[in-house]
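1. build me a model:
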Amino acid sequence: NHGKPFGTGPSVFIDHIDGFVDPINFSENFLKKSQPILMKQAAKDFPAVRNWDDEYFLQLDLSNYQKHTINIEKRKKEDRSLQTMKMNFHEFVRTYNKSDIYMVDLIPTFLNKDIIYPWSLQCDVYRDNIYQVLMWFSSGNTSSVVHTDDMENINCLIRGEKTFVLVNPDKHKDKIPFKREGAYSDIDVDSVDFTKYKQMESVDFIIAKMVAGDCLYIPKLWIHQVRSYHRNIAINIWFRVPTDDSSEMNESQMKMKCEKYPDNQKSFSNTNFLGLNEPIYQKIDGVGLLSKFQNRTVENLLEMILELYKEVDSEIIEKFSKHIESVIKDIIDEIDKNKNSVMDKEEIETAKSENLHRISNYINYLKTFLETLSIKDIISLENKKTIEFHKYEL
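-> So this is what the prediction gives:
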């Protein structure tokens, strides 16, 4: 196994089902159990599967989107240290087949109409918690790093073929050498050094081979690596499962709030996702978020954020200031490519969607943490360990 691709070793093919899993079954048997599932030809009725070829893209009237640019990666083997570049969508479609460029960005709004809400998510509780929809578009032969996502994920393949290699984190998390916990590994996915990482020889891999029209559910924090083949387009839907008491539903309530039969007319048109563009973070997001972070040190940002939460008892703030600083440092580290401990203008403007996704999750945690601290009658300093245990998982 020395010097062989990631996924070499003991493996099984993933469980699969024809079409989307119905919402109740999806909730009970996959989401709650953190169980991945391949849904064969679930997306075959998406307009995108019928229509998305270069000719269709080039005939789109984008006169109202003249300033719309997309994020482009410059090579097909993912390297998170490289800067992305911006490009006009039509320019990308005309040139991607002749180069190694690769679109990884939020799905352009003018294409939302071509994606149908997966039936598995056609419940109020999920529909209102779609976080982002990303689009992956290349001429094929791309490979990702080994990584995890801190959101639930449904990936639907529109064109080409993909192979996902998944690893159950509950069984093998400590055997994969991660660069930073909860993010990614810098092992060479084409030639894993099993001599250096001998513990990986005992990892059980789960293999999912996808063709156009298939969708794959990847549970939150599952380790995975992706390869694409041939002209390739996919979308992935990041969503979260609310954990507050008001959103908890028993099975009978779920049935009342879910579609009994799939609604294939329910597209993502006119949908506002819970991304960084939405004012869901109130005080913290309301100050301008990343533009306010620009060129500020951790100490500057701590001072700025605490100014927004003056109502928090100063004694409590003093006890937790190091913890808050660590969260701010994680936010900066997401896009601080030159390692100068601040976010500069170029780093912010070229940040990848996946980095923005994680930053948004950190901000959401920080907001929850600070607002919990503000409610003096439900917190004591002894709760600190409990709060830190749930860091970034809120």
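
2. restrict stretch 198-213 to CA atoms and write it as CSV.
-> Taking Å, rounded to 0.1, in the frame of the first residue of the first chain, the C-alpha atoms of stretch 198-213 are listed here in CSV:
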residue,chain,number,x,y,z
LYS,A,198,1.3,3.3,9.4
GLN,A,199,-1.9,3.7,11.4
MET,A,200,-3.8,4.3,8.2
GLU,A,201,-3.3,0.7,7.1
SER,A,202,-6.2,-0.3,9.4
VAL,A,203,-8.7,2.3,8.2
ASP,A,204,-11.9,1.0,6.7
PHE,A,205,-12.8,3.0,3.7
ILE,A,206,-16.3,3.4,2.2
ILE,A,207,-16.4,4.0,-1.5
ALA,A,208,-19.2,5.8,-3.4
LYS,A,209,-19.1,5.8,-7.2
MET,A,210,-21.4,8.4,-8.7
VAL,A,211,-22.8,9.0,-12.2
ALA,A,212,-24.8,11.9,-13.4
GLY,A,213,-28.2,12.1,-11.6
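
3. tell me the buried residues in that stretch?
-> 200, 203, 205, 206, 208, 210, 212, 213 (16 or more other Cβ atoms under 10 Å). Quick note: C-beta positions are derived from backbone N, CA and C, even for glycine.

4. residue contacts, the last one?
-> If a contact means Cβ atoms under 8 Å, 6 or more residues apart in numbering, then residue 213 has 40, 41, 42, 43, 44, 49, 157 as its contacts.

5. follow-up on the earlier one: with distance to residue 5 added, can I get the buried residues of stretch 198-213 in TSV?
-> Shown next, in TSV, are those (distance: Cβ to Cβ, whole Å):
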residue	distance to residue 5
200	12
203	13
205	11
206	15
208	15
210	17
212	23
213	26
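
6. strands - which of these land there?
-> 205, 206, 208, 210 (DSSP state E).

7. give the contact list for residue 229.
-> With contact taken as Cβ under 8 Å, 6+ apart, residue 229 is in contact with 140, 141, 160, 161, 162, 163.

8. which ones among those map onto strands?
-> 160, 161, 162, 163.

9. any idea which of those is closest to residue 100?
-> residue 160 (15.8 Å; Cβ to Cβ).

10. thought the closest one was touching residue 232?
-> Yes. Contact status for residue 160 versus residue 232: in contact at 3.5 Å, counting by Cβ atoms under 8 Å.

11. from the contacts of residue 229, which single one is nearest residue 188?
-> Nearest to residue 188, judged by Cβ to Cβ, of the contacts of residue 229 is residue 141 at 16.2 Å.

12. what is the neighbour count of the closest one?
-> Residue 141 has 15 neighbours, counted by other Cβ atoms under 10 Å.

13. circling back: ok, and the most crowded of the contacts of residue 213?
-> Of the contacts of residue 213, with other Cβ under 10 Å as the count, residue 42 tops at 26 neighbours.

14. quick check, that residue in a helix?
-> No. Using DSSP: H, G, I helix; E, B strand; the rest coil, the assignment for residue 42 is coil, not a helix.

15. dump the residue contacts of it.
-> 19, 20, 118, 119, 156, 213, 214, 215.

16. that older thread, show me which of the ones in strands among the contacts of residue 229 are buried.
-> 160, 161, 162, 163.

17. show me which of those residues is closest to residue 335.
-> When those are compared against residue 335 (criterion: Cβ to Cβ), the nearest one is residue 162, at 26.8 Å.
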